[in-house]
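Visitor: Structural data only, the sequence is not supplied:
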């Protein structure tokens, strides 16, 4: 089930998708505000990067694996799309199989001045966020803990380099660029397929 662009009403652009998102969110078990963000990402990229063919189910699957749609660590996804409290991953200190990434943003995004941490419902490291960030809800701030901003930033990142995500090799390449771990990519693949199937049911 693909989203269609309704008339723009002002405020949070993704709110215009509430009718469609309400139906789909119920079918797939995702909060409506999150489905709105994922679908808005698909619609924006269909206009700005039409050859990418990004589906909302891919963003939804990444968000499921990364933070269970903004609910990791007992966080809550608000009606405005902002996760509170903010979601911060473990320090990227090279331990426990994690990468070693020294602090790159003086703790501005991740509140850690020693190591970088992944931030928000789509778990961006600060350097990647600062390179690709998008203010999707037009509130004047690109916030990795805002699911609208995080979703459109993730979509922009996945579509970089002229990728066509309708091709299996390009889709897998995009997911591995997000997190180069095969079990992770397999989880995303399975979740995306599941959301696609259930949303059509």
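Guide: Right, received. Where do you want to start? Computed from a prediction, not measured in an experiment: that's the story for all the values here.

Visitor: where does the residue nearest the centre of the chain land in three-state SS?
Guide: By C-alpha atoms, centre = their mean, the mean C-alpha position of the chain lies nearest to residue 151, the distance being 3.4 Å. The three-state assignment at residue 151 reads helix, by DSSP: H, G, I helix; E, B strand; the rest coil.

Visitor: can I assume residue 83 sits in a strand?
Guide: Yes. With the criterion set as three-state DSSP, the secondary structure at residue 83 is a strand.

Visitor: residue ranges with poor pLDDT in the chain?
Guide: Of all residues in the chain, those with pLDDT under 70 make up the ranges 1-10.

Visitor: report the longest helix in it, please.
Guide: Determined from DSSP state H, the single longest helix within the chain is helix 182-200.

Visitor: Now for residue 14: which residues touch it?
Guide: Each residue near residue 14 by C-beta atoms under 8 Å, 6 or more residues apart in numbering is listed here: 21, 33, 36, 37, 39, 40, 81, 136, 137, 148. In short, each C-beta sits where N, CA and C put it, glycine included.

Visitor: Run a quick neighbour tally on residue 138.
Guide: Residue 138 has 11 neighbouring residues, counting by other C-beta atoms under 10 Å.

Visitor: and it, how far is that from residue 36?
Guide: For residue 138, the distance to residue 36 (C-beta to C-beta, to the nearest Å) stands at 14 Å.
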